[in-house]
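>>> A predicted structure for the sequence below; I have some questions about it.
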Amino acid sequence: MINRWLVAFLMLMTVSAFAQKKDMNTTVSKLLQQMTLEEKLGQLNLPSIGFDVTGPILSQGVEEKIRKGLVGGVFNTFTPSAVRKLQDLAVKETRLKIPLLFGYDVIHGHRTIFPINLGLAASWDMDLLQRTARVAAEEASADGLNWTFSPMVDIARDPRWGRVSEGAGEDPYLGSQIGKAMVQGYQGIDLSKNNTILACVKHFALYGASEAGRDYNTVDMSRVKMYNEYLPPYKAAVQAGAGSVMTSFNEIDGIPATANKWLLTDLLRKQYGFNGLIVTDYTAINEMIAHGMGDEKKVGELSLNAGVDMDMVGEVFLKHGAQLVKEGKVSMAQIDAAVRRILEAKFKLGLFEDPYRYISEERNKTEIMNAQQLALSKEAAIKSMVLLKNSNQVLPLNASKKIAFIGPLVKDQRNLIGSWSGAGDYKKAVSLWAALEQKGGGYLYAKGCNLLEDENLLKRLNAHDGQITRETATPEQLITEAVATAQQADVVVAVLGEAFGMSGEAASRSMIGLPENQLALLKALKATGKPVVLVLMNGRPLTVSWENENIDAILETWFGGTQAGAAIADVLFGAANPSGKLTMSWPRNVGQIPIYYNAKNTGRPLDENQKYTTKYLDVPNTPLYPFGYGLSYTTFTYGDLKLDKKSITAKDKIQVTVTVSNTGNYDGVETVQLYIRDLVGTITRPVKELKGFKKVELKKGESKEVSFTISVEDLKFYNSDLKFVAEPGAFKVFVGGNSQEVKEAGFELK
């Protein structure tokens, strides 16, 4: 009976989907027949109007263009009143009354801000990531928006690149899982619901591999590397149903992504089966002139023929599209296909049925920053934190001790919500000091130093709303005060890191350590002889070799979002046990960059006893903190691996089991990680590849068996012919709490 009901339900859903698609085709085809070429080109136009500017220019005369039917969507406008005003122009004053899309950078929350994406990724919690994206969609849609330019799924192995803060790190498998979770969170199961929004996978493609870690820079790599290491997260997010994809600024095979037909048409549309809309990044078409691809008209032609549907802010299609069609350089079929995809997105969002679906003053009042959403922000902040060091169990703090909190970020609110915080209001963020006072206060405090003293950097950041202020006291006076405060305490907690503008877009750094003035403070605090805990707030991996050698405990909190202070206080005092794991390797110094766990062996692998092997003279090859690394207040012990068979065929699966025990004094959560190595291949293979992970809650003294299933699909890779294959031979399997400390066993694929 149950099966018959299930079959009936699935049949009903299939019929409903077919009917919806038929209605969509009818609606869109009818509009296309009615539209002039100018109106069609208008649908391809996405200007910016409103509150935020994330590029070098701002659109002009947008309202008049909307009246003329020359705008398909608007970027950077939100709130019900602002959106209603523009939607009114589209549906009441244009000839065909086609509604507008409303897009915005909802990156790690909308009004309720969650930890930066690199921090969220450190939770290794796909349910959490999906829930944060769901809340972001609920808030954004209650604010008049129906489209977000997220998730960013670029693989990044160079922490100098500022936009590592916006992604999931260095691993294609983990990045793929996170991309899928976020798409599902934003879009839900029904895009026409008024609390879901269109996701946009970005930046297609390879943007995270920019040379020298410098934003917008050149990218160059082999197709084998693309397919195996950089493309999987884009493909996974597209196959999860993402409704749109954004082009990247970089070039691929010498052709900028926005004009790259192989990338946008052959790979994305034909190989991946993507049928949603493709939008450029901010003025990406115009910027191809500087790449050396031709004048504005030429780059517009290249973009349209490559498969771009929508031009963000540049208005190149609007200016030159008609002439390009007239001259036969772009076909009307190409224009119609682009318009169709944009209109289909609007149909799927339910905008033809109700253009005001996402405009609700009532929802705006009740569904933004409510108690449940703020609780999720705190939960996410706690789960994102990574304990990097904890000598002599300095953490958790003993509340009965006299504790000094020192540093420019102790009372700070603005930096807590990080870069790409969009519509977030930092004044609503809970600082660490405010959270401590809520717990009863009584703690010592000194600022210790300014966030920055570097005049040139200060000017650069403050010129772009860095909001960094300095005390009138000299650096020496601030340190003297801090040392005097520290000497009164039993334990010192130094809260240091980056300003929010030091990571994110256009925020690459050649040196990624703590600012010199902060490091000087830390050294002075160390010299007091007091135990020192370093709480880091930052948007990227940092080079903290001195800190690791000299400071008693280090807690990475990233930029933790609206409830960051409350979450940090809970972790510091043991109300919560940190469980985050790094998703990017932390280098010992910038000379090791790029450094990542899934590298390949050379023909002369490391041998410290031999001169002519791959190594540095001055530092080890290994990172300071490896991928997957993160401590807990408790300890976890791994037993030996058990494999249920020693060999498999393509039709078999192998079961890997390990016993994990909590051998410490606290209840805790461990992320158990599974890696595989293909020992011999027709192309060289990485020394390890993540293929699975499980989060396990263990009470103090408790043990659990954790099992993974490996199938032939887990062993496949793209060979030199770009065929996705699994090759027979020997494999190693590794399981552990990070990519370096693992148990291993072997098996064979027959």
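Ah, there it is. The structure displayed is predicted, hence computed values, not measured ones.
>>> what's the spacing between Val183 and Phe149?
The span separating Val183 from Phe149 equals 13 Å under the rule Cβ to Cβ, to the nearest Å. Placement of C-beta: from N, CA and C, glycine included.
>>> kindly report the same for Asn550.
Taking Cβ to Cβ as the measure, Asn550 falls 42 Å from Phe149.
>>> out of these two, which sits in the more crowded spot?
Counting neighbours by other Cβ atoms under 10 Å for Asn550 and for Phe149 shows that Phe149 has the greater number, 25 against 14.
>>> would you confirm that the more buried one contacts Gly243?
No: contact status for Phe149 versus Gly243: not in contact, 11.8 Å apart, counting by Cβ atoms under 8 Å.
>>> name the residues contacting each of the two.
Listed as contacting both Phe149 and Gly243 by Cβ atoms under 8 Å, 6 or more residues apart in numbering are Cys200.
>>> so who does Leu514 touch?
Taking Cβ under 8 Å, 6+ apart, one finds 496-497, 522, 542, 544, 547 in contact with Leu514.
>>> which pLDDT value belongs to the residue nearest to the spatial centre of the chain?
The structure's the chain has its C-alpha centroid closest to Gly167; by Cα atoms, centre = their mean the separation is 2.5 Å. The pLDDT attached to Gly167 in the predicted structure is 98.
>>> I figured it hits Asn117, correct?
Yes: taking Cβ under 8 Å as the definition, Gly167 is a contact partner of Asn117 at 5.9 Å.
>>> any shared contact partners between these two?
By the contact definition Cβ under 8 Å, 6+ apart, Gly167 and Asn117 are jointly contacted by Met152.
>>> state the pair within the contacts of Leu514 that is farthest apart.
Comparing every pair within these by Cβ to Cβ identifies Leu522 and Leu542 as the most remote, at 12.4 Å.
>>> more neighbours: the two, which one.
Each of Leu522 and Leu542 has its neighbours counted (other Cβ under 10 Å); Leu522 has more, 26 against 22.
>>> now do the contacts for the residue nearest to that one when sequence neighbours are not counted.
Nearest-residue entry for Leu522: Ala494, 5.8 Å, with adjacent residues in sequence omitted and distances by Cβ to Cβ, 6 or more residues apart in numbering. When the contact criterion is Cβ under 8 Å, 6+ apart, the partners of Ala494 are 406-407, 448, 521-522, 525, 532-535, 551.
>>> hmm, try it at 10 Å
Residues in contact with Ala494 (Cβ atoms under 10 Å, 6 or more residues apart in numbering) are 404-407, 409-410, 448-449, 482, 486, 514, 518, 521-522, 525-526, 532-536, 547, 551, 554.
>>> which residues in the stretch 651-750 of the chain form strands?
Secondary structure of the stretch 651-750 of the chain by DSSP state E, counting those that start in this stretch: the strands cover 653-662, 668-678, 689-698, 703-711, 717-718, 724-725, 729-736, 742-749.
>>> mind giving me the domain ranges of this protein?
Using automatic domain parsing, the domain parsing of the chain gives 375-592, 636-749.
>>> deepest-packed of those domains, please.
Between the domains of the chain, domain 375-592 has the highest mean count of neighbours, a mean of 21, where neighbours are mean count of other Cβ atoms under 10 Å.
>>> gap between the two ends of that domain?
Using Cα to Cα, to the nearest Å, the end-to-end distance of domain 375-592 comes out at 39 Å.
>>> mean confidence score for it?
Taken as a whole, domain 375-592 has a mean pLDDT of 97.
>>> and that domain, how far out from the chain's middle?
21 Å (Cα atoms, centre = their mean, to the nearest Å).
>>> am I right that Val687 is in contact with Thr622?
No: shown here, Val687 and Thr622 do not form a contact pair, counting by Cβ atoms under 10 Å, at 12.0 Å.
>>> what touches both of these two?
Overlap between the contact sets of Val687 and Thr622, as judged by Cβ under 10 Å, 6+ apart, is given by Tyr597.
>>> just the C-alpha atoms of stretch 598-616, please, in PDB.
Written as PDB, here are the backbone C-alpha positions of stretch 598-616 (Å, rounded to 0.1, in the frame of the first residue of the first chain):
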ATOM      1  CA  ASN A 598      46.600  16.500  -2.200                       C
ATOM      2  CA  ALA A 599      49.800  17.200  -4.000                       C
ATOM      3  CA  LYS A 600      51.700  14.700  -6.100                       C
ATOM      4  CA  ASN A 601      55.000  13.000  -5.500                       C
ATOM      5  CA  THR A 602      58.100  13.900  -7.400                       C
ATOM      6  CA  GLY A 603      60.600  11.500  -8.800                       C
ATOM      7  CA  ARG A 604      62.800  12.400  -5.900                       C
ATOM      8  CA  PRO A 605      60.400  12.500  -2.900                       C
ATOM      9  CA  LEU A 606      61.600  13.900   0.400                       C
ATOM     10  CA  ASP A 607      64.500  12.100   2.000                       C
ATOM     11  CA  GLU A 608      66.300  14.100   4.700                       C
ATOM     12  CA  ASN A 609      69.400  11.900   4.400                       C
ATOM     13  CA  GLN A 610      69.800  12.600   0.700                       C
ATOM     14  CA  LYS A 611      70.800  16.000  -0.800                       C
ATOM     15  CA  TYR A 612      69.100  15.700  -4.200                       C
ATOM     16  CA  THR A 613      65.500  15.200  -3.000                       C
ATOM     17  CA  THR A 614      62.600  17.700  -3.000                       C
ATOM     18  CA  LYS A 615      62.800  19.900   0.100                       C
ATOM     19  CA  TYR A 616      63.600  23.400   1.500                       C
END
